[in-house]
Each structure stands twice: as structure tokens, then as C-alpha cells.
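1. return a 3D structure for these sequence lines:
(one chain, ligands or ions: 1)
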Amino acid sequence: MTIPIVFHAKAMATRILSFAFGVVVVAILLLYFDHSINENQESMVIPIPGGAVGPESFSFDGHGGGPYTGVSDGRIIRWLANESRWVDFAVTSPERNGCEGPHDHSQTEHICGRPLGLRFNEKTGQLYIADAYMGLLVVGPNGGLASPIAKEVDGIAFGFTNSLDIDQDSGDVYFTDSSTRFPRRNHVSVIISGDNTGRLVKFEAKSKKTTLLLDNLRFPNGVALSKSGDFLLFVETTTCKLYKLWLKTPKVGNVEVIAQFPGFPDNIKRNKNGEFWVGINSRRGKLLEWVISNPWIGNALVRLFPIDITKAHLCLARLIGRYGMGIRLDENGNVVEILDSSKGKRWKFVSEVDEENEDFWIGSVTNSFVVREKTSITPNQ
Ligand SMILES: *[C@@H]1O[C@H](CO)[C@@H](O)[C@H](O)[C@H]1NC(C)=O
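-> Numbers count the residues shown, from 1 in each chain. Next up is the predicted model:
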């Protein structure tokens, strides 16, 4: 009886081995296809070159070129559609030594820069940049080293410049400083400590003056002007709220909450119909909700684990997995459409959804790729 058992065991071992081999092959194939460019598909995953990650925000130049996006090593890169590749466009810091290459860029971003919000002035062709460490900057149509134009408002330095939009008539720039207490690399601390040092700021193109519009905000993040420029919308990431601030009309100066999101909102982008796409990065779970509603817990955590708390949260978010969505809203904050990550990893950790002609460009502050998806293949929900 022993011989058949040995034989059986051998057959089992072979089966297990071939199964394991199969799993590895499938995993490699999945990884490969996940990161490969396939022009024929209607959804394209475009890797970021040079070991950088985090294409957080997009802008197209006045001639439809781009998108341009800022990445973790401090570069702003431009997508050349005709050559299917990224090329370097601009940087926000003259110090480029040791910035690029495969290392943890969050440790060098205060030196190398971390460009987040981007927007072209369509008349002048200049690109305005909100860099998390360098403040508000501008660079000409040919790129290169950007020049700082604002580093503080009312005598208080920007701590975490984040998102911006431009009034294309006046050239005025509206942007957010997410916190004066925590830098970008500690962004989770901004949330769990209940930090309210965030500000909404205006840079006037003519006078070159910077004025404070709102302060005491909890992680103000994405900002977008309405089509007519009558109002702007901005989100507070900590409270998951969408606000409307009137800039013109008799309501000027009024602030209203017009929507509440189920997860942490990041950037806002207006589409050509005057609606707004809001990128939702991750779920606001029960645990975080409890911490946020008891700021003393968050503050204790932040003091104990100043940087690691951000990493711990990112790991947790990765484990919890497939979350992230784009929400389309009308001018009054009514939800028109929701696109989520149920279709796979394309919509994970969404920072921005940019609807441009027939495409969605989906950015993320953590992913190592940009997703481009035909708007026509995404079913309305
Ligand atoms: C692609 O477009 C860019 C920018 O317009 C241009 O500089 C470049 O020469 C073009 N490349 C080819 C192969 O046509």
C-alpha cells in the first residue's frame, strides 16, 4: 500500500507546484499589463518615468497640449501625445541634486519641491504652480525653473500650498494653503489633529498682491472657479465638505456648505459644461471619524508618531484597498454622477478627475501612473 501513497503524494506535490507556478505567471502578467501602455484600449495606464509617483493634478496649455502634471521628485512633466511619452517641462526648486531616482521622495520634497496644483493662464501661456513647500510660483510657456511669486499672506508663511484655479479674464489666482502647522508629508496629521490653520488666498495679477479670503479652515484643498467667475468652490478634506464662496453678485463674501462627501475629497476640476468633478481619495472610516470628533486623541497620536502616522494611514488604506471615486456635481452641489473603483484599480486613491474633450485624466497623489479613460466607456450611474 505504501507505493501508491508515495506516488499520490508526488502527484500532489507536482500539482501544488504547477498551481503555484500558474499563480506567479498570472501575477506577473497582471503586473505587466497594469503598467503597460496599450493605445488600442479605451483605458490607458500611463506610468510615470524616472521612479517618481504622484501625478496629483493636471493642466492643459492654451493649444491643447499636455496634460502637464507635477510628480514626487519635484518635476513638472508634459505628456507628448504624438510621441506617447513624458518629457520634463519645469521645476520649482533650483536645487536638483539627489532629487531624482528611486528613493523616498517625501524625505527630500522640502528641498526638491512638490508641485501640486497647476493651471495655465490661457492668455499669457504662463503656468501657475502651487508647490507644497515653495508657495505660489509661475513659469513661462517654455518651462524651466519657475519663479516664486508669493510665500506668505498677512505675515504668515505658507506651510502647505496645495491647489489653485485662475480667473481667465482677470488673471487672478485663487489658491489654498492647507496648513501652516504641518507640511505635506504629514498630511494625515492635519486631519487627525483637527488642525484649522488652513487658508484660502487670492493673488491679484495686476497689483501682484496676495490677500487672505478665508482662514481657520480644516485642510482646505481643491479649489475651482465657476464658469462665469461669480463664485468658487473649495473642499475641506478633514470635514469632507464642499463650500461655495461668492466672489461677485450681491452675495459676495457669503460662504455656504453645499455638499458633504462619504470620503476625503481632494481636487476639484470644472468641465466645459460648468459642472465640477471632485476626486475622492479614501474612505472616512468609523475609526477616523471617532478620532476626528475627539481632537485630543489625534493630537496625542501626532505628538507620539509625527511622521509615521501618515505612513501607517497609507498602509491601512492600501490594505482596505479599492476605494476612490470621482463625483460630478452641478453648480448647486447636486450629485450628477459617481464613478468609483468597482471596475478595478483605475479609480483608486483619486486626487483629480479632469474631463478633457472625450477623455478622463485621473490623477493620484500616491499612484505611480496616470489613467486616461474614454468618457464614453464609463457607464453613467
Ligand atoms: C510632437 O509634438 C511636440 C510638441 O508640439 C513637438 O515639439 C514634436 O516635434 C512632435 N513630435 C513629432 C514626432 O511630431
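
2. in the stretch 251-381 of the chain, where is pLDDT below threshold?
-> Counting by pLDDT under 70, the stretch 251-381 of the chain contains low-confidence residues at 284-288, 291, 305-322, 341-346, 377-381.

3. where exactly do the helices run in it?
-> 286-293, 295-304, 308-320 (DSSP state H, counting those that start in this stretch).

4. who are the packing partners of the second one?
-> Meaning helix 295-304. helix 187-192, helix 286-293 (3 or more CB pairs under 8 Å, 6 or more residues apart in numbering; DSSP states H and E). Where you see a C-beta, it was placed from the backbone N, CA and C, and this is true even at glycine.

5. residues of the stretch 51-200 of the chain that sit close to the ligand?
-> 65, 80, 82-83 (CB under 6 Å from any ligand atom).

6. out of the residues you listed, which is nearest to the ligand?
-> Asn82 (3.8 Å; CB to the nearest ligand atom).

7. before we move on, what SS does that closest one have?
-> helix (DSSP: H, G, I helix; E, B strand; the rest coil).

8. what's the neighbour count on it?
-> 6 (other CB atoms under 10 Å).

9. and for the closest residue in space to Ser226 that isn't next to it in sequence, the neighbour number?
-> Excluding the flanking residues, the one nearest Ser226 by CB to CB, 6 or more residues apart in numbering is Glu331, at 6.2 Å. Residues near Glu331, counting by other CB under 10 Å, number 17.

10. Glu331 contacts Asn273, correct?
-> No. Here Glu331 lies out of contact with Asn273, judged by CB atoms under 8 Å, at a distance of 10.1 Å.

11. any idea which of the helices and strands packed on helix 295-304 is most buried?
-> helix 187-192 (a mean of 24; mean count of other CB atoms under 10 Å).

12. now that one: how far from the chain's centre is it?
-> 16 Å (CA atoms, centre = their mean, to the nearest Å).

13. same for it, what does it pack against?
-> Partner elements for helix 187-192 (3+ CB pairs under 8 Å, 6+ apart): helix 286-293, helix 295-304, helix 308-320.

14. tell me the mean pLDDT for stretch 80-99?
-> When pLDDT is averaged over stretch 80-99, the result is 97.

15. what's it in contact with?
-> 37, 39, 46, 48-49, 68, 73-79, 105, 108, 111-113, 115, 127, 129, 131, 134, 137, 139, 143-146 (CB atoms under 8 Å, 6 or more residues apart in numbering).

16. looking at those, which are in helices?
-> Using DSSP state H, the subset of the contacts of stretch 80-99 located in helices is 111-112.

17. buried only: go through the contacts of stretch 80-99 for me.
-> Using 16 or more other CB atoms under 10 Å as the burial test, the contacts of stretch 80-99 include 46, 48, 68, 73-79, 105, 108, 112-113, 115, 127, 129, 131, 134, 137, 139, 143, 146 as buried.

18. for stretch 92-111, buried residues please.
-> For stretch 92-111, by 16+ other CB under 10 Å, it's 92-93, 99-100, 105-106, 108-109.

19. meant to ask about stretch 210-219, not that
-> Buried-residue list, stretch 210-219, by 16+ other CB under 10 Å: 210, 213-215, 217-219.

20. residues touching the residue in the stretch 201-350 of the chain that the ligand sits nearest to, list them.
-> Using CB to the nearest ligand atom, Lys272 is the residue of the stretch 201-350 of the chain that sits closest to the ligand, at 22.4 Å. Shown in contact with Lys272 (CB under 8 Å, 6+ apart): Glu355.

21. partner residues bridging Val173?
-> Ile166, Phe203 (DSSP bridges).

22. and the gap between it and the ligand?
-> Using CB to the nearest ligand atom, to the nearest Å, we find Val173 at a distance of 26 Å from the ligand.

23. that residue: neighbouring residues, count only.
-> Using other CB under 10 Å: Val173 sits among 25 other residues.

24. can you pull the contacts of it?
-> 119, 128, 136, 164-167, 202-203, 205.

25. looking at these, which one is closest to the ligand?
-> Distances from the ligand to those, taken by CB to the nearest ligand atom, are shortest for Arg119, at 19.8 Å.

26. surely Ser106 and Gly54 touch.
-> No. Using CB under 8 Å, Ser106 is not in contact with Gly54, being 9.5 Å away.

27. returning to that earlier point: who wins on neighbours among the residues of the stretch 51-200 of the chain next to the ligand?
-> Gly65 (15 neighbours).

28. leaving out chain neighbours, which residue sits closest to that one?
-> In this structure, Gly65 finds its nearest non-sequential neighbour in Arg78, 7.1 Å apart by CB to CB, 6+ apart.

29. run through the bridge partners of the one you found.
-> Tyr68, Val87.

30. this protein - how does it break down into domains?
-> Following automatic domain parsing, the chain resolves into domains at 1-35, 48-377.

31. of these, which stretch is the most buried?
-> domain 48-377 (a mean of 19).

32. surely the residue nearest to Gly65 is in contact with Gly66?
-> Yes. Between Arg78 and Gly66 there is a contact under CB under 8 Å: 5.9 Å.

33. on that earlier part again, identify the farthest-apart pair in the buried residues of stretch 92-111.
-> Thr92 and Ser106 (15.8 Å; CB to CB).

34. measure the residue of the stretch 201-350 of the chain closest to the ligand to Lys374 for me?
-> 16 Å (CB to CB, to the nearest Å).

35. and what of Ser84?
-> Taken as CB to CB, the span from Ser84 to Lys374 is 16 Å.

36. and for Ile111?
-> For Ile111 relative to Lys374 (CB to CB), the value is 39 Å.
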